[in-house]
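A.B. asks: Predicted model and sequence follow; I will ask about them next.
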Amino acid sequence: MTLCVAWVRQADNNEELVFATDSALTGGEKWNSGIKLFELPRKDCLLCFAGSTFRAYPLVLHLISSIRFNAGLQNPHTDIVYVLEYLSELFTNLVKGVISEIAGEDIHELRSGAKFLFGGWSWQENRFRIWELYYEKVIEGFIYKEHSASEKSRIASFLGDPEPIVGELARDAYKKLMIEGDFDRKLDMEPIIVLRNLARDKAIREVDGSLQVAKVYRSGTSEFFGVYWPSVAGLPCLQGQEFKHFDKPGVRYFDPDTFEVMEEQLPEYIGNLDALSALEDFVFIKDCYPDGTLKDDLSERERDRLLATFQAHSYREFINDLKKALTGAYLQERQEG
């Protein structure tokens, strides 16, 4: 039981491939901290699954091992289409070799217990690509179909289990969300908003647990993100696991309400810019905050520079305040002694 989504996000004049899923695993017992989104030994692609954990995990582990020990599959010059073909053949051979004859059971139903979303950056075609992989009874093997669209259209793929309930529910919610907005706007974080809403809905037990999120960039690299769950007031979570604030993994974390990276949030308004006049980058800060309000067309380079400036300033202020406090306490202790 799950909901997976993959889409090509278009923001800040850039494109990136985003994968996201919930963390619920079932199969006799229910876990809300199961890993369902996988980093592969090559960084230009991602894989997630819906359906039977018992069926999916052995297949995924075989794939990870195969890529790790296969120089051809690890070679960045090997396009992900070749990896896709290998993946389909590997999964087919595994289920046909292991699941052959089981008394009283439908062999094909057992083999088709898990479905997958696979996608990444194709350097040969210079674009992101997403496929759904599933077992087909007629050919007794795993086949794939691509989720694609025209160059100017949005690409978003939902994979749910059970499909008639979760999949259709997610697609209907997504269509409603897009129709209510500007239909011509580029696709941003709308698919994960659908996933978040379903995961927060206590009436939908099929989708549960914190969200798992990762991206593939045009550089052929991937990045996994944490999320505070179920809100920004909650604890940091990564790959379904909950952490205390002091021992959280060193990744970037999303605010699940805004889907902004929390460490990258900038103040929308600065009431007293002159208080920052001593900073070396003061002229740059004033240019980014005309009339005290953050300008809308901020570039990624400008955003990164602002973040670094504010973080350095905040740290210096913290150290200065700490020194003052320690000095004051020391002097008071000397006077009292």
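C.D. replies: Great, that's in hand. Residues are numbered from 1 along each chain as shown.

A.B. asks: what's the closest non-adjacent residue to residue 45?
C.D. replies: Closest residue to residue 45 apart from its sequence neighbours, by CB to CB, 6 or more residues apart in numbering: residue 120 at 2.9 Å. Glycine gets a C-beta too; all of them are placed from N, C-alpha and C.

A.B. asks: And the helices in the protein?
C.D. replies: Here the chain has its helices, by DSSP state H, at 53-68, 71-74, 80-98, 107-111, 168-180, 190-200, 282-288, 300-336.

A.B. asks: Pick the most buried one from these.
C.D. replies: helix 190-200 (a mean of 21; mean count of other CB atoms under 10 Å).

A.B. asks: what is the orientation angle of that helix with helix 168-180?
C.D. replies: 130 degrees (axes from the mean of the first three to the mean of the last three CA atoms, to 10 degrees).

A.B. asks: what residue ranges in this structure score low on pLDDT?
C.D. replies: 1, 100-104, 149-153, 180-185, 264, 329-331, 334, 337 (pLDDT under 70).

A.B. asks: can you tell me which residues contact the residue lying closest to residue 2 once chain neighbours are set aside?
C.D. replies: The shortest distance from residue 2 to any non-neighbouring residue, by CB to CB, 6+ apart, is to residue 50 (4.6 Å). Neighbouring residues of residue 50 by CB atoms under 8 Å, 6 or more residues apart in numbering: 2, 3, 4, 114, 115, 116, 117, 159, 160, 161.

A.B. asks: Identify the bridge partners of residue 50.
C.D. replies: Beta bridges link residue 50 to residue 115, judged by DSSP bridges.

A.B. asks: Repeat that for residue 120.
C.D. replies: residue 45, residue 129.

A.B. asks: go on, residue 235?
C.D. replies: The partner residues for residue 235, given DSSP bridges, come to residue 229.

A.B. asks: Look up how far residue 227 lies from it.
C.D. replies: Noted for residue 235: a distance of 10 Å to residue 227, by CB to CB, to the nearest Å.

A.B. asks: Who has more neighbours out of those two?
C.D. replies: Neighbour count, other CB atoms under 10 Å: between residue 235 and residue 227, residue 227 has more, with 24 against 14.

A.B. asks: Correct me if wrong: that one contacts residue 213.
C.D. replies: Yes. Using CB atoms under 8 Å, residue 227 is in contact with residue 213, at 6.3 Å.

A.B. asks: what do those two both touch?
C.D. replies: residue 254.

A.B. asks: Roughly how far does residue 212 sit from residue 226?
C.D. replies: 9 Å.

A.B. asks: so residue 119 makes contact with residue 128?
C.D. replies: Yes. Contact criterion CB under 8 Å: residue 119 and residue 128 qualify, at 6.7 Å.

A.B. asks: more crowded one of the two?
C.D. replies: Each of residue 119 and residue 128 has its neighbours counted (other CB under 10 Å); residue 119 has more, 28 against 25.

A.B. asks: contacting residues around that one?
C.D. replies: 6, 17, 19, 45, 46, 80, 128, 129, 130, 131, 157, 216.

A.B. asks: now, the most widely separated pair of those residues?
C.D. replies: Using CB to CB, the pair of these lying farthest apart is 80 and 157, separated by 15.4 Å.

A.B. asks: what's around residue 205, how many residues?
C.D. replies: Quick note: residue 205 (other CB under 10 Å) scores 11 neighbours.
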